[in-house]
Structures are given as structure tokens and as C-alpha cells.
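A.B. asks: A structural model of the following input is requested.
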Amino acid sequence: MGYIAQEEWEQHYEEGLGFRPLGGTERELLAEHVPAPEGGGRALEVGCGTGELAVHLASVGYTVDAADFADSALARAREEHGDVEGVRWLHLDIERDDPAALHEDGYDLVILRLMYPFLHDRGRVLHGLGERLRKGGALVVITPVVEDTPQERRAIALGEDEIALVTSGWETAQRLDADGLAVLVLRGPCHADARAVEKSPTTGHALTGALAVVTDAAGRVLLGRSRRGMLELPGGKTAGPEDFAAAAVRELAEETGLVAAPGDAHVLTMLVDDSHGVPRLTAVVRITSWTGELAVREPALFDRWEWFDLHSLACAGDIFAPAAAALDAVWPGVIPTLPAVTAYPLAVDQPSVSGEPAEAVRLREAMTQTVMDGGWAPSERVQEALRTVPRHRFAPEADLATAYDGGDRAVTTRRDGNGRAISSVSAAWLQADMIRSMDPAPGAIVFEAGSGGYNAELLAHVSGPTGRVVTVDIDPWVVHRTRRFTTEAGSGRVTVVEADAALGAPAPLVPRGGFDASVITYNCWDIAPAWREQLTEGGRLVLPLEIGGYTRAITFERRGQVLHARGFTYCGFVRDQGQQARSIPTVDLLQGELTLRFEHGTALPTQGMEEALRGPRHEAATGVTMGANAYFGSLQLYVATTLPGFCRLAAHQDPESGVTDIAKDQDVPAILGEASLAYLTYVQTRDGDCPEDKEWEWVVHAFGEQGPRLAEQLVATVRAWDRTVRADDNSKHADPALTAYPADTPDDLLPAGHVLDKKRCRLVFQWPDRAEGLPPTTEDERVAQTAS
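C.D. replies: Next comes the predicted model:
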């Protein structure tokens, strides 16, 4: 019995055949090593057949999902065990079907009994099932062993090499014996870090070869498990006068049985490295279309060929070094921490390559619905873009659930040496909201600062077939990655440029009259003049602007040389890396217990501050309260833009041992005076069992001789915010009227309001009824407010 085809299994069960019955030793080992958790657990059996094991697991306390791809097996299971409670029978091909029917919250036990050898893509399936384990859960494989199986039936058994592959990468792996069956109990994350490895030394003086990168209809990449104990791409040395593309096509057919036309083989990159001191030149050849049935054509070299999910490559174990580099050339970043290799990307007119699993389509639709339910995508064109553009293909290192999270999750794609995120795919709701705010019309030409690919392709989709997007990034790696992904999965209407985006787009790419809309996808402390100058009159610029360290995605509309704000969205992005990148002045106090952050750009005098902090603390109540889940982002912005001497005070010590009562590693708005400061915090005034029963009050703490007066200013500001800005509905808080003027605009040409000077622009904030009820400020304080 070595069935592979589903039809053969259907016939097997229709004829009344089954499997080896569940033995007593197996039952005992399962009871000892994977008992149901107290209160019951959830189990998944893959390849349940007629359901004997599933019923047993239900009898010992598990709620069981029993899955099989043979309808005849499930029909017998339902007929034979119809009265059994706690078992859900699922028709599911674990290798090919969308796993939507499986529980999203995972399983305490996943078990594969007498079916693992029948899997084709063993590594992918095992990794995917391991990701479904709950904390403390176990994956159990029960299988015959080659050494104990007759020759004619060894196709249904595993050899020692295969068992070693099954158990590698797990936190713990136990091997038990059940009357000749191997029982493998695997726990912990299944993660064997990808490692680039070499073959044995060669006797040649130089090596040239080609590697074929092939994906299937689900977007998975083909890798072979070689007899050398590593994963390899199809490929090999060039023969005679053939070119690299021809060599890749030939090797693909010889090794796997897949056939590609020469016109569907595209040489993307040349890799230059060495193998044991021998120079090596490897061509990376992307195969965009193929036919045929996958087979092991060279069994002396390969055990089998499998399709791998891209996000699983980071933990795929040993990969032949040129193959690892080739995978990274096609999908930069998909395998982290690879050894350095010299790569020469070629200007190739490669067509896009289709392919995605049904699960991606379902999750994309769910993500779109989540964004729509939040009110972030009222436009039908934006909705259609979210449904259409394959987000996961622009973050291949992430699993599908992470890529299509419709909540606040961004997918980090690049970090600096300190682990700080410097490039990411932003949360879908925020991208949708910014595109809605830009409102590019069909045929629009759009500028994007900060690349990645996905957002640019959303814009291209919204702008339609006659539209175009120019995306600019300063990071060469991000630019290379964006070019690859927009080539692989894009519309062909995105131009990717390596440059400092603060300088705008290169002149030849700027349309006559300017861009119809522009978007900045990283935190900006300032507004670059080029963004205004390259924007058409009446066009919209959306950017995440830092104001006192608080970031808002602000939609500006150009009117002459002035930008007028049309909307604000609370958000956060990675920081700018170009010429606008700024370090924020800070001052540590009390031996690092506290830090003052001068987010407006200029440090204020702090002489005598430490002495003040060692003195008595003045406290003032505001009388302004808030309940659970109240929004106070507008208060932060209000304080940062209306009070002189603004800064942020951060604590690095537990409040029990500090002087401020600020929670450790948190910061609060503060204002400074001469050897004095006051800061805004809150205290709980009412507790309760339900969130709606709880309440907090805003209070002000102050130190130093001028502390009481500073506290009075903060208290009055909070009360003014409560009267004129705050609303019961979190989404209805009042925004200021905000205008951005060129940096050289004289004071007498600015409207009345609170001026915040940046290096390249002057911001004027006009809050409703701001002057009412506030104590006066001194001339020195007004100067401090506009310091740049």
C-alpha cells in the first residue's frame, strides 16, 4: 500500500479496508506523554481515516478535529461513530486546501498516525502544523520504521535519516517504541535556523552554473532534499556553449521532470563567491512558467522535491550556499543572516509571476472587511485595491496570518544594528486611511517617499491603468527589495528610485504641473520643501508629522506656497533616515532616573533642576476625569502646541522608588521654568469590576519655586481642552486648524495662532477658543514656544 492519489484512498475506504488498529501500547504511550490538559484540551488528527484514534482521544478528554481528504473515510467514520460526542469530522487535504476549518486558537495536540510517509511536502506540512500548537502542546508522529518493514512495504515507512529530519529543530523530541512503530513526541517551536552550507571541495579551478527558481500555483518555491543532507534548488553547471538560462531549463527537466520554455527563463542576478577557495559564478534564473509532473529523476542525488512556503525558509535548516543566496536574490530578506556574497542584479524585463494559496485570498478578504468595518476604507476603489493586491507577497518572511492581520500590526521587514525597525509594511487600516485621505483620481501620478512595494501597488491600483506611482527610498537594500517584489507581483506601473526622498523625485520623473498626490510613509520631524514644490495646486500631501514627539498622519492640501491641514489620524511609523533625520536633544537627571526630551528640537536650560526635584512636590488637581478606553491623544497635541517650555519627561525607575510617580519606561507631557518643572499625569479615583466602572483624574505634579505657577498653566490647559476640544465620542475630538508656511515667511504674514518653527517650515496651530481661561505667559515663554 503506497497510495498517493486521492482517488486511490477513496477506493481503499470504499472497499472496507482500513489501517493497522490502534494498539494497547500506543494508547498507553499517549496517556503517559500527551494526556489531555486539566479541564480538557483540543486535538487535531491529520489523516484520521475511519476515526478510531479520534474517538479514543475524545474518550480521554480531548475535543477533536479529525481531518482526512477521503470522503469515503469520513463517511465510514460518521457511520461507525455517529454517537460519539466531541469529534468534528473535517474534509481537508492538509497539503492543498485552505485550512479555514481549523481552530484559530490552536491545538494542545496534533497527531499524524501512519500517514506522514504519504505526504509530499513533508517539511512544509510539519512546520505549518507546528505553528498551530498552543504553548506546551505536542505534535506526535506515529510511523513504521524502514528497518522493521518488509521491502515491498517500505514506501509507507520512514528511515533513520527521515526521522532525524522530523525531529530536528524542536525544543524537545522524544522517540518511543510502540510494538515496532516509532512514536515521535515533538514539543516547542519547530525552528531550525536556515544555514548556508557548502558541498565537498571541488577539483576544478573555477565553477560556473545556473540555479532555477520555480514557484507553484500557491507561490511556494521548489527545493530538493539532496543526499548531501541539505536543501538545493534545481540547477547545475553549464555545458559547452549553452547560456545560463538554457542551463537552468535543462537542469530543471533533468532533475525534476518540469519543463520550461527558454522564453520563460530570466537571468536575474549573477552571484560571485567561492567554494573552498575556488571562484564560483552562479546565475539566478527565475522560471515564470512551466509544465509537467514533479518527479525525482536523479534518485542518486535527491531523495525528494518539495514545495516550501517562503516564510518557512528562515527555519528550513541547511541550504546549499548558492541556493540560499539565490533565494535571497529573488526575495530579499526571506532568509536572514546569510553570509556576504557579491551580487550583480541585471536589468531584466521579467513578467510578474502569479500564484497564491486559497488561504491568502480568504485572509485578504477578511482583512479588507476588518478595515471597512473600522470605517477606514469608505472608497470602493480602496476596498478593491485591498482585496486585489497580494499583501503577503510584499512581506514573504511573514506567515499569512501575520501579513493579513487587519488590526494594528505592521510587518517589520528591516532592523538596524540595535534592533530598531527601519522598514516595515504598515498596518492595513492606516494605509487605507492615508490613501483615502489622498484621494488619487483615476489616472493620477503619485509620489511616495519610503518604499516597500505594497503601499505603492495599492496606490497604483487605485489610480488605475493610466495612473503611475514614483516611490523613492534612501536605503539601497529596501530599493532592491521593492524592485524585486513589484516585479514579481506588481502592476508594472510603479517606478522605484534610490535617492533621499526628502529631496523629492528626480526631475525627469516629476510630471508637468506636479504630482497629483503625495504620501510620506515614515515619521517626519519636518516638512521638506520639495514635497510642497512638487505637488500640484490643490493636490494632497499625507505625511506622519511629529509634533512634540506625538505623531499624526496629517492630510495637507496645497494652496500656493501654503499647506492647509484637512485631517488628522493618530499613528506611528519608522523614523526618517535621510537628510531630515534628527536626533532629539535629551538631558538626564538624577543619575539617569529621569530624562527630559526636547521634542521641538532645542534643549532648554535645566540648571538647578536636580535640586528642585529633590525638594517638595506640589500637586494640583484638574477636576477633569476619564474612563476606561478614553482617547487623550488630542490632549497631548494640545499641550505640545500651546504651552511654552514644552518637553517630555521620561522615567527609568519604578515609581515606588522614584520621585515622580511616573511608571517605569513611560513619559508624560511637561513644561519647564527656571529651575522648575511641572508635568501632567493621572491617578485612579474609582475602581470597579467592569471597565466602565473605573475612573481616573488628570493631575499635575510640580517641583521648584516656579512649580505652582507652571502647575496652574497645565491645569488651565487641561480644563480648556476638556471644554473646547474633547468629545464624548473618541472620534469626534476637535482638531486644530493647521497651516504650514515656508520657513522664510515673516511673522506679519502668519495668521494668529500658536507658531511652532521647524527648520524648513513654520506651523501655525489655531485651536478653538484657546485663549479663554488661560493664565498669561511671559515674553520669554513665548520665545521658548517658537524655538527651532
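A.B. asks: And the strands in the stretch 501-650 of the chain?
C.D. replies: Ranges of strands in the stretch 501-650 of the chain, per DSSP state E, counting those that start in this stretch, are 515-520, 535-547, 550-559, 562-570, 586-589, 594-597, 617-627, 646-651.
A.B. asks: ditto for the stretch 101-250 of the chain
C.D. replies: Secondary structure of the stretch 101-250 of the chain (DSSP E, counting those that start in this stretch): strands at 107-113, 133-144, 172-178, 181-187, 192-197, 207-213, 221-226, 231-232, 235-237.
A.B. asks: Of all these, which one is nearest Arg415?
C.D. replies: Counting by Cβ to Cβ, Arg415 lies closest to strand 192-197 out of the strands of the stretch 101-250 of the chain; the figure is 16.5 Å. (Glycine included, C-beta is placed from N, CA and C.)
A.B. asks: Show me what counts as buried in the closest one.
C.D. replies: Residues of strand 192-197 classed as buried: Ala192, Ala194, Arg195, Ala196, Val197 (neighbour count, 16 or more other Cβ atoms under 10 Å).
A.B. asks: One more: stretch 337-344?
C.D. replies: Of the residues in stretch 337-344, those buried (16+ other Cβ under 10 Å) are Leu338, Val341, Ala343.
A.B. asks: These in strands, which ones?
C.D. replies: Counting by DSSP state E, the buried residues of stretch 337-344 place Ala343 in strands.
A.B. asks: which one of the buried residues of stretch 337-344 is nearest Ala663?
C.D. replies: Minimum distance to Ala663 across the buried residues of stretch 337-344 is 40.4 Å, recorded for Leu338 (Cβ to Cβ).
A.B. asks: what about that closest one, distance to Leu109?
C.D. replies: 36 Å (Cβ to Cβ, to the nearest Å).
A.B. asks: And Thr402, by the same measure?
C.D. replies: Using Cβ to Cβ, which is the criterion applied here, Thr402 is 24 Å from Leu109.
A.B. asks: ok, now Glu52?
C.D. replies: Distance, Glu52 to Leu109, using Cβ to Cβ: 16 Å.
A.B. asks: and Leu680, that's in a helix?
C.D. replies: No. Applying DSSP: H, G, I helix; E, B strand; the rest coil, one finds Leu680 to be strand, outside a helix.
A.B. asks: For it, which residues are in contact?
C.D. replies: Val639, Val668, Pro669, Ala670, Trp698, Val699, Val700, Leu714, Val718 (Cβ atoms under 8 Å, 6 or more residues apart in numbering).
A.B. asks: Also Ala505?
C.D. replies: Phe447, Val470, Val472, Val497, Ala499, Phe515, Gln534.
A.B. asks: Can I have the buried ones of these as a PyMOL selection?
C.D. replies: Here is the PyMOL command that selects only those of these that count as buried (16+ other Cβ under 10 Å):
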select buried, resi 447+470+472+497+515+534
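A.B. asks: Nearest to Val425 among the contacts of Ala505?
C.D. replies: Closest to Val425, out of all of the contacts of Ala505 and judged by Cβ to Cβ, is Val472, at 17.2 Å.
A.B. asks: re the thing from before, ok, so of the contacts of Leu680, who is nearest Thr602?
C.D. replies: For those, the residue nearest Thr602 by Cβ to Cβ is Ala670; the value is 15.3 Å.
A.B. asks: which stretch of helix or strand covers the closest one?
C.D. replies: strand 667-673 (DSSP states H and E).
A.B. asks: and that strand, what other elements does it pack with?
C.D. replies: For strand 667-673, the elements it packs on are strand 594-597, helix 633-642, strand 646-651, strand 676-686, helix 707-724, judged by 3 or more Cβ pairs under 8 Å, 6 or more residues apart in numbering; DSSP states H and E.
A.B. asks: sorry, back to before: which one of Glu52 and Leu109 is surrounded by more residues?
C.D. replies: Neighbour totals were compared for Glu52 and Leu109, and Leu109 leads with 24 against 18 (other Cβ atoms under 10 Å).
A.B. asks: Report pLDDT for the residue nearest to that one when sequence neighbours are not counted.
C.D. replies: Spatial nearest neighbour of Leu109, chain neighbours left out: Ala43 (4.1 Å); criterion: Cβ to Cβ, 6 or more residues apart in numbering. If you check Ala43, the pLDDT there is 98.
A.B. asks: any weak-confidence spans in this structure?
C.D. replies: For the chain, applying pLDDT under 70 flags the ranges 1-4, 191-192, 202-206, 573-581, 770-788.
A.B. asks: And the residue nearest the centre of it?
C.D. replies: Most central in the chain under Cα atoms, centre = their mean is Val411, positioned 1.4 Å from the mean C-alpha point.
A.B. asks: Just to check, that residue is in contact with Ala395?
C.D. replies: Yes. Between Val411 and Ala395 there is a contact under Cβ atoms under 8 Å: 4.3 Å.
A.B. asks: Give me the common contacts of these two.
C.D. replies: Residues touching both Val411 and Ala395 by Cβ under 8 Å, 6+ apart: Thr402, Ala403, Val425.
A.B. asks: Going by neighbour count, which of those residues comes out on top?
C.D. replies: Neighbour counts for the shared contacts of Val411 and Ala395, by other Cβ under 10 Å, peak at Ala403, which reaches 25 neighbours.
A.B. asks: so that residue makes contact with Arg409?
C.D. replies: No. With contact defined as Cβ under 8 Å, Ala403 does not reach Arg409; the gap is 9.3 Å.
A.B. asks: how near is Asp473 to Thr482?
C.D. replies: For Asp473 relative to Thr482 (Cβ to Cβ), the value is 7 Å.
A.B. asks: again, but for Ala182
C.D. replies: Using Cβ to Cβ, Ala182 is found at 47 Å from Thr482.
A.B. asks: Looking at these two, which one has more neighbours?
C.D. replies: Neighbour count, other Cβ under 10 Å: between Ala182 and Thr482, Thr482 has more, with 29 against 21.
A.B. asks: Settle this for me: that one is touching Gly450, isn't it.
C.D. replies: No. Thr482 is beyond contact range of Gly450, at 10.0 Å (criterion: Cβ under 8 Å).
A.B. asks: these two touch, right, Leu258 and Val296?
C.D. replies: No. Using Cβ under 8 Å, Leu258 is not in contact with Val296; the gap is 11.9 Å.
A.B. asks: Looking at the two, which has the bigger crowd around it?
C.D. replies: For Leu258 and Val296, the more surrounded residue by other Cβ under 10 Å is Leu258, and the numbers stand at 22 against 16.
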